[in-house]
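Undergrad: can you look at this prediction? I've put the sequence above it.
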Amino acid sequence: MTMKKHISNFLLFAVAILLLISCSDQKVFEQYHKFEKFSWNRFEFVDFETQIEDTESEYDIYLNLRHLPEYPYRNFDFNFTIYTPSGEMRTSNYEIKLYDNQGNRLSECLGDYCDMKIPVRKGFRFSEPGTVKFEIENRMTKLETPGVMEVGLIIEKSEKRKE
């Protein structure tokens, strides 16, 4: 193999590595909880836990709701609580619209299911390293919320803000 060919292969390899690094996923956590019979009981709380060591970065936290296209309600109400390693609790209630005022679905549907990625906290900074617990509570008024397949938690490092 000639020197020119070696250099050419090396440059091609370096460009491929740079592309992979520049397109790297900012996800630090993604996990889902599946519901039997596609129904979420109001008293079934969903918990997720993860280790957070980087307290300098900001994070975007999302709830992902996977539901059937036949989900019977126009909204989804839930409570989202974060428990820090030292036991501090931060909680918020959310009322998410799944349809706009014209009746168009706001979630992305693909065949037999629909996904809605709901921003829960943007630019969130964890104050201390350690195990962080997240709790999601179904706050719909009925005992069962039919049509819910899964609920997931996604944590991504926030992209650098342009100033």
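TA: Now that the structure is in, tell me what you want to look at. Every value quoted in this text rests on a predicted model; they were computed, and no experiment measured them.
Undergrad: what about the helices in this structure?
TA: According to DSSP state H, the chain carries its helices in the segments 3-22.
Undergrad: longest strand in it, please.
TA: strand 113-124 (DSSP state E).
Undergrad: which strand residues bridge the closest residue to N64 other than its chain neighbours?
TA: Spatial nearest neighbour of N64, excluding adjacent residues (C-beta to C-beta, 6 or more residues apart in numbering): G152 at 3.9 Å. Yep, even glycine has a C-beta here, placed from its N, CA and C like the rest. Counting by DSSP bridges, G152 is bridged to Y32, N64.
Undergrad: now do the contacts for G152.
TA: Residues near G152 by C-beta atoms under 8 Å, 6 or more residues apart in numbering: 30-33, 63-64, 66.
Undergrad: at 7 Å instead, please
TA: Shown in contact with G152 (C-beta atoms under 7 Å, 6 or more residues apart in numbering): 30-32, 64.
Undergrad: returning to that earlier point: what residues sit buried inside the longest strand of the chain?
TA: The neighbour-count check on strand 113-124 (16 or more other C-beta atoms under 10 Å) flags 113-114, 116, 118, 120-121 as buried.
Undergrad: same question, stretch 83-92
TA: Across stretch 83-92, burial judged by 16+ other C-beta under 10 Å covers 83-84.
Undergrad: bridging residues for the closest residue to Y83 other than its chain neighbours?
TA: Excluding its sequence neighbours, the residue lying closest to Y83 (C-beta to C-beta, 6+ apart) is K133, at 4.1 Å. Counting by DSSP bridges, K133 is bridged to E49, Y83.
Undergrad: circling back: quick check: the residue nearest to N64 vs K117, distance?
TA: For G152, the distance to K117 equals 9 Å [C-beta to C-beta, to the nearest Å].
Undergrad: spit out the residues that contact those two alike.
TA: Contacts common to G152 and K117, judged by C-beta under 7 Å, 6+ apart, are N64.
Undergrad: just list the residues touching the residue nearest to E150 when sequence neighbours are not counted, thanks.
TA: Closest residue to E150 apart from its sequence neighbours, by C-beta to C-beta, 6+ apart: R66 at 4.2 Å. Neighbour list for R66: 113, 115, 149-150 [criterion: C-beta under 7 Å, 6+ apart].
Undergrad: rewinding a little: what's the pLDDT at the residue nearest to N64?
TA: pLDDT recorded at G152 is 98.
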